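Engineer: here is my input; please provide its structure:
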Amino acid sequence: MKIRNIVLIIFVCIKFNGYPQQIINGFAMPESVTSDGKRYFVSNQGQDVFSKDGDGFISEISEDGKLIKLKFLPQKGVLNAPKGLTIANNILYVADMERIVGFDINTRKTVFELTIPDAIVLNDICRLENDFIGVTETISGNIYKINTKDKSVEIIGNLPAANGINYNKKTKQLVVCTNGKNYGEGSVYIKTGNGIFKELPNIANGFFDGIEWIDDNHLLISDWVTFPVKDFGKLWIYDLLEQTSQTYFTGESVADIYYNSATKKIYMPQMFHNRVLIEEKDKITSTEQSKNNILYHYGIIDAFIGGLYKGSLPIKELKLKGDFGIAAPDMLDGELTMLNGKVYQTKATGEVNVVENEYKTPLSTVTFFEANMTFYVNNATEQKDLLETIENRLTNKNAMYAVKITGDFSNMRTRAFPPVKEEPFPALSTILDRQQFFNIQNTKGTLVGYHLPEYLNGIQMSGFHFHFLSADTKKGGHVLDFKGMNLKIEIAELKSFEFETPTTNDFQNFQFRKKHNEDLERIEQGK
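Structural biologist: Coordinates of the predicted model:
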């Protein structure tokens, strides 16, 4: 869940398109679904998700998606804005603002109550071993371990904007996902036994809410993506063994999900639509993801190289258009590379850092990448030969392609520009002497780029265009030359093109060079 300046902001909901699903309507800002395998419960926050207004309640639904009782709990007393739920020994534990409340699901009586000092928004809750439960607090980021017998409380971790939490008793692994600052820079973490929380690699930043174990090696995570919502969200499946992630698009605002491993159904509270959606995981993962492999381009490269270096599109907005691509940084300060949804800036100093959501770019080309062609080149290969090999594989010479090359590089030559400061800004061709070159030796990494047709030249560069990011994310830049081996080449043919131009005064007044097409002019004039 989320908070803006002290006022909280969101949880997570979902809506699927393209195939039927079970829908239960009539809830009041539903945030969480849980079950003991027999009975199913939904938390309702009421009209205000942060006020102690006493209008929260718990509903009971059936496994097959029928509403059994809208206001099942509380029978006595009040709930204010209940969020996370878990069941242990027939007791339904509820995270409600600063307190945990427990209800006997058979008698409907309140049998447990604990206020946690300094807590403001207790969020998700899970069953741990023995008589313990775990709960996150989003404002402080504290992760609490609570003894339900003696009501003792221990802080076992702190992750900024902590949200979803879940425990695997068999592997003794505790997972937590976070919202992240600026509503969309969250990560997913894992803790084994008494160890510390470690961030999981190879998953994009997100506005994560619910997290479930599919099995001992796979996680299911709900992601609002950003706030305010933008008409879609995501479900992630993360493979702990391979350390890879796969995303599936959903509707907006799906919150704390529940996964039934026996039926393989996902129960999704769609908070902003006051309903719960139920769908089989296999149907979701087999449905075509219509947002994949659409090329989104912002800005015009002719204007950029002509001196329009000021950023105007926030990275937060760019992430809604893709998770893979290349971009120019604000004020020409280095090079930007988007990989797995994170945006890395390589500066002229050679330093690489992850840029925040509010950072702005003047020029970018991204897509939600899903390869539809993969092949391997194991022998040592020069750039020229490899690109020729790739080009021979591109059956449609006038199509747009996203290209990802991963492997070992004995040599990688890249560059980055230092930031410009003086106005009017000089054309890029007049300051080539400022670029800094990097000769990176014997490294693993990924080339992120495109092969675009000639008819897009001027909007973006036609042909191949790559940026590099080392596997340790400490080196990168615009690719000039390379030699590699053990290479995996993944190619996605892009289905359509979305083009957006800046609305800044500088862009509106920029003088583009007129391009002459004599044949077109003759036809237009009827000559």
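Engineer: C-alpha from now on. contacts and neighbour counts both.
Structural biologist: Fine.
Engineer: biggest strand in this structure by residues?
Structural biologist: When the chain is scanned for its longest strand (criterion: DSSP state E), the result is strand 476-494.
Engineer: and that strand, which strands flank it?
Structural biologist: strand 373-377 (antiparallel), strand 381-382 (antiparallel), strand 400-416 (antiparallel), strand 463-470 (antiparallel) (DSSP bridges).
Engineer: for Tyr455, give me the pLDDT.
Structural biologist: Tyr455 is assigned 94 on the pLDDT scale.
Engineer: which non-adjacent residue is nearest it?
Structural biologist: Nearest non-adjacent residue to Tyr455, counting by CA to CA, 6 or more residues apart in numbering: Ser462, 7.7 Å away.
Engineer: ok, the one you found - contacts?
Structural biologist: Contacts for Ser462 (CA atoms under 8 Å, 6 or more residues apart in numbering) come out as His451, Leu452, Pro453, Glu454, Tyr455, Leu456.
Engineer: is it true that the fourth one touches Gly463?
Structural biologist: Yes. With contacts counted by CA atoms under 8 Å, Glu454 reaches Gly463, the gap being 7.1 Å.
Engineer: packing partners for the helix or strand Lys83 falls within?
Structural biologist: Following DSSP states H and E, one finds Lys83 within strand 82-88. Counting contacts by 3 or more CA pairs under 8 Å, 6 or more residues apart in numbering; DSSP states H and E, strand 82-88 is packed against strand 30-35, strand 40-44, strand 91-96, strand 122-127.
Engineer: quick one: that strand to strand 30-35, angle?
Structural biologist: If you take axes from the mean of the first three to the mean of the last three CA atoms, to 10 degrees, strand 82-88 sits at 10 degrees to strand 30-35.
Engineer: in strand 82-88, what's buried?
Structural biologist: Along strand 82-88, these residues count as buried under the neighbour rule (16 or more other CA atoms under 10 Å): Pro82, Lys83, Gly84, Leu85, Thr86, Ile87, Ala88.
Engineer: got it, and stretch 340-359?
Structural biologist: Result for stretch 340-359 [16+ other CA under 10 Å]: buried residues 340-348, 350, 352, 356-357.
Engineer: also stretch 255-267?
Structural biologist: Applying a neighbour-count criterion of 16+ other CA under 10 Å, one finds Ala255, Asp256, Ile257, Tyr258, Tyr259, Asn260, Lys265, Ile266, Tyr267 buried in stretch 255-267.
Engineer: relative to Lys181, how far out is the fourth one?
Structural biologist: When distances are taken as CA to CA, to the nearest Å, Tyr258 and Lys181 turn out to be 25 Å apart.
Engineer: and Tyr93, how close does it get to Leu200?
Structural biologist: Tyr93 is 28 Å from Leu200, by CA to CA.
Engineer: Tyr401 now?
Structural biologist: Distance from Tyr401 to Leu200, by CA to CA: 29 Å.
Engineer: which of these two has more neighbours?
Structural biologist: Using other CA atoms under 10 Å as the criterion, Tyr401 and Leu200 rank with Tyr401 on top: 25 against 18.
Engineer: name the nearest residue to the more buried one, sequence neighbours excluded.
Structural biologist: Spatially, and ignoring its direct neighbours in sequence, Tyr401 is nearest to Glu493 (4.6 Å; CA to CA, 6+ apart).
Engineer: kindly report the same for Leu70.
Structural biologist: That would be Ser59: by CA to CA, 6+ apart, it lies 4.5 Å from Leu70.
Engineer: what helix or strand is the one you found on?
Structural biologist: Element membership for Ser59, per DSSP H and E: strand 57-61.
Engineer: quick check, central residue of the protein?
Structural biologist: Of all residues in the chain, the one closest to the mean position by CA atoms, centre = their mean is Gly206, 3.4 Å from it.
Engineer: for it, which residues are in contact?
Structural biologist: Asn179, Gly180, Tyr183, Gly184, Glu185, Gly186, Ser187, Asp223, Trp224, Val225, Thr226.
Engineer: from these, which ones fall inside strands?
Structural biologist: Asp223.
Engineer: ok, then the element right after the least confident helix or strand in the chain by mean pLDDT?
Structural biologist: None of the helices or strands of the chain scores lower by mean pLDDT, DSSP states H and E than strand 7-8, at a mean of 32. Counting by DSSP H and E, the next helix or strand C-terminal to strand 7-8 is strand 22-25.
Engineer: so Lys234: helix, strand or coil?
Structural biologist: Going by DSSP: H, G, I helix; E, B strand; the rest coil, the secondary structure assigned to Lys234 is strand.
Engineer: now it: how far from Glu252?
Structural biologist: Counting by CA to CA, the gap from Lys234 to Glu252 is 8 Å.
Engineer: quick check: neighbours shared by these two?
Structural biologist: Trp224.
Engineer: what about stretch 187-194, distance to the chain center?
Structural biologist: 19 Å (CA atoms, centre = their mean, to the nearest Å).
Engineer: buried sites along it?
Structural biologist: Ser187, Val188, Tyr189, Ile190, Lys191.
Engineer: same deal with stretch 382-390?
Structural biologist: For stretch 382-390, the neighbour count (16+ other CA under 10 Å) marks Leu386 as buried.
Engineer: what comes into contact with it?
Structural biologist: Here stretch 382-390 makes contact (CA under 8 Å, 6+ apart) with Asp481, Phe482, Lys483, Gly484.
Engineer: which parts of the very next helix or strand once past the strand holding Ser59 are buried?
Structural biologist: Later in the chain than strand 57-61, the nearest helix or strand by DSSP H and E is strand 67-73. Under the neighbour-count criterion of 16+ other CA under 10 Å, strand 67-73 has Leu67, Leu70, Lys71, Phe72, Leu73 buried.
Engineer: in JSON lines, list those residues along with pLDDT.
Structural biologist: Output for the buried residues of strand 67-73, formatted as JSON lines (pLDDT from 0 to 100):
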{"residue": "Leu67", "pLDDT": "97"}
{"residue": "Leu70", "pLDDT": "98"}
{"residue": "Lys71", "pLDDT": "97"}
{"residue": "Phe72", "pLDDT": "98"}
{"residue": "Leu73", "pLDDT": "98"}
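Engineer: so what's the gap between the biggest helix by length in the chain and the chain middle?
Structural biologist: Counting residues, the longest helix found in the chain (DSSP state H) is helix 383-393. The chain centre lies 32 Å from the centre of helix 383-393; the measure is CA atoms, centre = their mean.
Engineer: now stretch 23-38
Structural biologist: Per CA atoms, centre = their mean, the centroid offset for stretch 23-38 relative to its chain is 24 Å.
Engineer: count the residues that sit near Ile100.
Structural biologist: Neighbour tally, Ile100, other CA under 10 Å: 21.
Engineer: can you tell me the helix or strand for it?
Structural biologist: strand 99-104.
Engineer: against Lys151, how distant is Leu487?
Structural biologist: Between Leu487 and Lys151 the computed distance is 55 Å (CA to CA).
Engineer: neighbour-wise, which of these two wins?
Structural biologist: Leu487 (23 against 15).
Engineer: please name the residues that touch that one.
Structural biologist: Applying CA under 8 Å, 6+ apart, the residues contacting Leu487 are Tyr376, Val377, Asn378, Ile405, Thr406, Gly407, Asp408.
Engineer: likewise for Val366?
Structural biologist: Leu295, Tyr296, His297, Leu318, Lys321, Gly322, Asp323, Phe324, Gly325, Ile326, Met338.
Engineer: can you flag which of those residues belong to strands?
Structural biologist: Leu295, Tyr296, His297, Phe324, Gly325, Ile326, Met338.
Engineer: OK, contacts around the fourth one?
Structural biologist: Which is Phe324. Thr337, Met338, Leu339, Asn340, Gly341, Val366, Thr367, Phe368, Phe369, Val448.
Engineer: if we use 10 Å, what do you get?
Structural biologist: 293, 337-343, 365-370, 402-404, 448-449 (CA atoms under 10 Å, 6 or more residues apart in numbering).
Engineer: closest to Val101 among the buried residues of stretch 340-359?
Structural biologist: Asn357 (36.4 Å; CA to CA).
Engineer: do I have it right that His465 meets Gly449?
Structural biologist: Yes. If you go by CA atoms under 10 Å, His465 and Gly449 touch, sitting 5.4 Å apart.
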